[in-house]
Every structure is written in C-alpha cells, then in structure tokens.
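> make a model of this:
(2 chains)
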Amino acid sequence: MNPALVRPLLLIGISILLLIVGQILLPGFLNANQVANQLKIAAFLGIFGLCQTIVMAAGGQGLDLSVGATATLGGILGAAIMHGSNGMTPLGGLAAIGAGLIVGSVNGIGVALLRIPPLVATLAITSVVDGGVIVGVSLVQPSNAASPVLVTISGWATAGVPNIVLVWVVLATVAIWLLSFSAWGRRLTDTGANAMAALLSGTDTTDVRIGAYALSGGLAAFAGFMLTGYVGQAFYGLGDPYILTSIVIAAVGGVTLAGGRAPYLGVACAAIMMTVLVSLLTAIAIGEAGRQIIFGATLLGFLMLDRCMKGQLHKALFSGLRPRSRAAPVPAPSTMTNLRSGG
Amino acid sequence: MTADAWAALRRSSLGPGLLMLLVVVVINAVLQDNFFGGASLDSNMATFAPTVLICVAQAIIVLSGELDLSVGAGVSLINCVLASLPPQHVGGSLGVLAIGLAVSLALGFVNGVLVAYVGLPSLVATFATGAIWFGLGLTIMPQPGGVIADSLGDFYAGHVLGVPTPLVFVILAMAIWVVLARHRAGRRIFAVGSNAVASRQAGIPVARIKLMAFVTGWGLVFLSALAISCQTMSGDPRLGQSYTLASVAAVVIGGISLGGGRGSPWGALVGALVLGMVTNVIYFAGIPSSWQEFVKGIVVVIALGFMVLEGRRTA
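Got it, this is the predicted structure:
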C-alpha cells in the first residue's frame, strides 16, 4: 500500500472506532446531524492545521504561534469592514486575508532573512498583533457582527452538508495539490528536508520560507473571518484555542518539526480524529481535566509512533551498510539539532 | 581596563539585555516614588522572584539544547499540590514542601526521559506533557481554592539573616548555577547544547546530561511555584499559564541562543527583570491597560532587533 495513505487511513479508522464507541455508550451519538456538526468543527481546525503544515514543512523548526492572533485580527478587521452588511462581506474577507498575508510576511522575513527562531519570531508578532488589536478596538470600537451571508457560509448546511465543510474540501484539495504535486510544493519540502541542498540546486529558500509564512498568515486570517460567521461575531481571543491544537493535529497527522514533509491529507484526518475524540470525551462527561490528560497522552503516543517508525526505517536503510560499532553516531534525537543545521 | 570590561560584555551577549534593563530601571525610578527605597524594593522583589526563577530554570534547559513548554503548567500543578495537602497528615509544612519538591523533580524527570532517552522533540513533547500536568492540576483542584500554610506565607514575606526571602530564593538559584558552572557538569551542559553529536563522540553521556539539565531546571521550577504560592496563598490550576511564554521571552532577551550552548542564566535573570520592570512601568506611568500587551510585544521585538543588529545568529 502507498505509505502516504497509511496514516490517513489509520486516523479515519480511529475516528470511526471512536464514533462507534460513542454510539454504544450514548445512543444517538452517530446520527447524521451530530456527524455533520463535528465535521464543521473539524473544518476550522483543519484550516488552522494547514497553516502549521506549510510552515513546519519549510523546516528550520518552523512553527507559527501567531495563527491565533492573526485569526483574531482577521475576524475583527473583517467584521469592522463588513459592518454586518452582505454587500461588504467580500471586501471584509479580502481585507482580513490581506492583513493576514502582511502579518505572515513579517513572520517570514523575521524567520528567513533575520534568522530569528520561528518560535520566538511568531511569538513576538503574536504580542504585537494581539496588543494592536486591543488598542485598535479600544480606540475605534468597531462593529463586530457577522453579516447574514457569512453566517450562512460558516454556520449553515446545504442538503445536510455544512457549507464550511465544502469550503474546507475545496481548500484541502487545492492544498494537497499545492503541497504534494506542484513545483512550489516540491521546493517547499526540499527546503525543509535540506535547505543547503535546495539552495545549491537553485531554489531560493528565503523566498520559499517567506512565502510559506505569508500563506500561513493569510489562511489563519481567513479561518478567523469564517469563525466570525460561525460564532456570529468577532471578539478578542477568537483564534487563541487553535494555536496549540493546530500544532498537535499537524504532529499527529505526520508533519515533523524537522521539516521536509507536508502530508495534508493526514493532517486533515487528524483534525477529524481530534474533533471526534474531544466530542466523545465531552459527551461521556469527562471533564476538562481528563480531556487535557488524554489530549497530551495522544500526542505523546503519536510522537513515539513516529520515533519508532523512524528508528525502523533507519535500521532498514543502514543495517548491513555500516559495520556495527558503538561509535557510529545515531542521528541526533533532538530536533533542536535541526534547528541549528536547518537555519 | 574599561575596554576589557566592554569587550567581555560584548562577548557575553548580555549587552542588549543589560542596556534594556538600564533603560527600564531609569524609567521606573523616575515614575515610581521611592523606587530604591526598602519597601518598594522588597515588594518588587517579591513580585519578580517567581518569574526570575522560572526563567533561570528555562535557561538551564535551553542551554542543554532543549526547550520546556510545560513549566507553566508545572507551576500550576505544584501550586495545587502545595495548596491541597493537609499539613497535619504529612508532617507539617516541611512535609508539604518535600512532597512538592518531589513532584517537581518527578515532572522534570519525565520530561527529561522523554526528550533525552526516548528521543522526542522537546518542543512538542513538553507541550504534550504540559497538557497532562494541566489536567492533573485540574484533577486535584477543579476550582481555585485551598490554602497555603500561614507559616510559609510569613516565611516568604519575611527576612532570612536580614535578606528578604524572595531575594534569598533568587540568590539560591544563581548559586546553584554558579556551582554547576564551575564543575564538569555545567561545562558538559554547554558542550551538549552546542553540539550533541561531537559531545557524544567525545565521550560525554549526552542523554544523562540533558536529563540532569531538566531535573535541575525543575528544582528551580519548584522554587518558583513555592514563591508564587506564598504570594497568592491559595491554589489555582491556571496560575502558571503565562509563565511558559514569559520564560522563553526572557531567555531570548537575555541573549541565550535557543539553539543551545550559548549564553548564561544570568541573561535569563536580566531578561526576567526587564519583563517585570516593563509591567511596572506600564502600571506606574498610568498607561491604559489596553496598551500593556502591545508595549510588551514591542519590547520583545526591540530585543530581537538588538540581536539582529549585533549580527549574531540567534539560531
């Protein structure tokens, strides 16, 4: 079987299993409405996961901690411009995406040109954007309501399928093409896998990385704008719950901090799996404490799975090629090493 | 002489942090009446000590080439443990402290094993364990509550041999580092942090050193949690949340390379003081609280700008 499909199938299998367990424990858990609702929640998470997939694939310990702040910015700016009217909705959306692209580009310039570690660069930008939003809102006190059209797109369903899920499917299709089949996607993963080799073979790695962060910012702002429609209004802290969950689903979906891999299909399936898991835990009345513990344990489990698979692969590739000796350096276990070499 | 000191400062990568500290101290001294007076110095020290301690803890872990995103959740968990243990059943306040310290070291040990021996990337692994610590804290104490023994609170508010207790905590933390740095263990942390592969080939037990860095760091996390607990005098499962990112920011302001192996915990001390003073300045300058986040962000960006201007590679 195509190895790229193993993880998505595994994750979908776990999701189905969780749904069945939910149905057994709580009859009615598996009805169409409930599933559609979960897909809706997964769609937002999946878009944020796409942000992380792109920047993590670019390597150098790529991470975007500013997705939450950028989403909040996108939601609040979009709502301020559309002012609750249908006619202004496209303009609001474009403004939100534009602002996200700008924030993302600043991140990208900090990371790729100024060589600031992504964790720090995106964290610093988070403070500035969050702080800017607070100041802006306190000075202007803009309108924060979503227009009816936006509410329809984000919150309602067509023939039983939530509209936002359709948006996500289109976005995911484009993303999978872009990341796995286009020339730019190849350059992106090459940059992540080995920045020096990519540079020497003619890829402008700086451009690619700035592009990756800009794209992540634009997508985060778009997701924030859509969230505004889902919730009904934009508010401060709108995107914050997605900062770390987006990283978790990227890691569970098979993206590594070392870079070089952008399996968005896996990440999308991870978004579904995590959503089903969280809703099952909520449904069987496991409190936040238990959810957090299971959340952390799941992430650790998948990290260890990755670690085991990497170990096996390494053994399969190198056993017999090299004489066994104690001095043979094992590839440094920590990805922090990649931070130095990949920067 | 001056030139030598200047050159040493440049080498130490503490320059930008110290400059920023100087600026905020001057602004603070202008704004806050009696800034250098005993009472306000005492109260500032009590406020800053937890941040300083957790930042120094993060610095030691970062120097070994890793990162710990679970320190904030760890502080909350230890705080909940300290606030929920009935002192009369565990041998008084000292028993409570001993259990708290044991829990802290155990958390550090788990993180260290996962990162150093299992080989998980520290960034994601400690994020995952952070979620678990947070969940455990919530299990012990679903709502803020509980009490810290008065004797501990009095101890923290008081003096030891004429020195305010918070300052004693900070001195203790720095003393641990100074002792470590003078011995082989400290040098090995730098070696492992700057090049793990070379260190391994030079015969340094890389995994053990990283584990040691985590456990040492979490010893200081315990001190930090104790200091915060003595200030709030109760338990709160969300108490430490903001400390994780503050510790990373302080490490960066203090000129410590997140790639490991470069800088020193003194930098984290400076970084933590800068962050604390900035909050002070915002408060005393009467800046609307809506600007607080923005000003803090700008300060970190300025610190990053300094690092770039210095032409140092931060990664």
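
> quick check: which element contains the nearest residue to residue A:219 once chain neighbours are set aside?
Spatial nearest neighbour of residue A:219, excluding adjacent residues (C-beta to C-beta, 6 or more residues apart in numbering or on different chains): residue A:51 at 5.0 Å. Every C-beta, even on glycine, is put in place using the N, C-alpha and C of the backbone. Using DSSP states H and E, the secondary-structure element containing residue A:51 is helix A:32-57.

> picking that back up, for the residue nearest to residue A:219, what are its contacts?
Residues in contact with residue A:51, defined by C-beta atoms under 8 Å, 6 or more residues apart in numbering or on different chains, are A:64, A:67, A:215-217, A:219-220, A:223, A:246.

> any idea of the mean pLDDT in the helix holding residue A:51?
The average pLDDT for helix A:32-57 rounds to 93.

> give me the most central residue, chain A.
By C-alpha atoms, centre = their mean, chain A has its centre lying nearest to residue A:49, at 1.5 Å.

> that one contacts residue A:249, doesn't it?
Yes - shown here, residue A:49 and residue A:249 form a contact pair, counting by C-beta atoms under 8 Å, at 4.4 Å.

> so what's in contact with those two at the same time?
Contact with both residue A:49 and residue A:249 is made by residues A:267, A:270-271, according to C-beta under 8 Å, 6+ apart.

> let me know the closest of these to chain B.
Among these, residue A:270 lies closest to chain B (C-beta to the nearest C-beta), at 13.3 Å.

> now for that closest one, how many residues are close by?
Other residues near residue A:270 come to 31 when the count uses other C-beta atoms under 10 Å in any protein chain shown.

> so which strand or helix has it?
helix A:264-283.

> what separates the closest residue to residue B:172 other than its chain neighbours from chain A, distance-wise?
Setting aside the residues directly before and after it, residue B:172 is nearest to residue B:223 in space (C-beta to C-beta, 6+ apart), at 7.0 Å. With the distance defined as C-beta to the nearest C-beta, to the nearest Å, residue B:223 ends up 25 Å from chain A.

> pLDDT value on residue 79, please?
Using chain A. Model confidence at residue A:79 (pLDDT) stands at 93.

> sorry, should have said chain B
pLDDT for residue B:79: 94.

> CA atoms of the host helix or strand of it as CSV?
Following DSSP H and E, one finds residue B:79 within helix B:71-84. Provided in CSV are the C-alpha atoms of helix B:71-84 (Å, rounded to 0.1, in the frame of the first residue of the first chain):
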residue,chain,number,x,y,z
VAL,B,71,7.0,24.8,33.0
GLY,B,72,3.9,27.0,33.4
ALA,B,73,1.6,24.0,33.7
GLY,B,74,4.1,22.5,36.1
VAL,B,75,4.0,25.6,38.3
SER,B,76,0.2,25.4,38.4
LEU,B,77,0.3,21.7,39.3
ILE,B,78,2.9,22.2,42.1
ASN,B,79,0.8,25.1,43.4
CYS,B,80,-2.3,22.9,43.5
VAL,B,81,-0.3,20.2,45.3
LEU,B,82,1.0,22.6,47.9
ALA,B,83,-2.4,24.1,48.4
SER,B,84,-4.3,20.9,48.7
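
> which SSE is immediately downstream of it?
For helix B:71-84, the succeeding helix or strand toward the C-terminus, using DSSP H and E, is helix B:92-112.

> ok, back up a step: any idea how far the host helix or strand of the residue nearest to residue B:172 is from the chain center?
Residue B:223 belongs to helix B:206-232 when elements are defined using DSSP H and E. With C-alpha atoms, centre = their mean, to the nearest Å as the basis, helix B:206-232 stands 8 Å off its chain's centre.

> remind me what that helix packs against, helices and strands.
helix B:38-63, helix B:71-84, helix B:92-112, helix B:150-157, helix B:165-182, helix B:184-194, helix B:196-201 (3 or more C-beta pairs under 8 Å, 6 or more residues apart in numbering or on different chains; DSSP states H and E).

> any buried residues in the shortest one, and which?
What it means is helix B:196-201. Buried positions in helix B:196-201, judged by neighbour count with 16 or more other C-beta atoms under 10 Å in any protein chain shown: B:196, B:199-200.

> again, but for the fifth one
Judged by neighbour count (16+ other C-beta under 10 Å), helix B:165-182 contains these buried residues: B:165-170, B:173-174, B:176-177, B:180-181.

> where's the spatially closest residue to residue A:67 that is not a sequence neighbour, which helix or strand?
Nearest non-adjacent residue to residue A:67, counting by C-beta to C-beta, 6+ apart: residue A:220, 4.0 Å away. Element membership for residue A:220, per DSSP H and E: helix A:205-231.

> next, the angle from that helix to helix A:32-57.
Angular relation of helix A:205-231 and helix A:32-57 on a 0 to 180 degree scale: 160 degrees, by axes from the mean of the first three to the mean of the last three C-alpha atoms, to 10 degrees.

> chain center to helix A:205-231: distance?
Taking C-alpha atoms, centre = their mean, the mean C-alpha location of helix A:205-231 is offset from the chain mean by 10 Å.

> excluding covalently adjacent residues, which one is nearest to residue B:298?
For residue B:298, the closest residue by C-beta to C-beta, 6+ apart turns out to be residue A:128, at 6.5 Å.

> the one you found touches residue B:297, doesn't it?
Yes - under the criterion of C-beta under 8 Å, residue A:128 lies in contact with residue B:297, with a separation of 3.7 Å.

> returning to what we had before: what about the residue nearest to residue A:219, distance to residue B:292?
27 Å (C-beta to C-beta, to the nearest Å).
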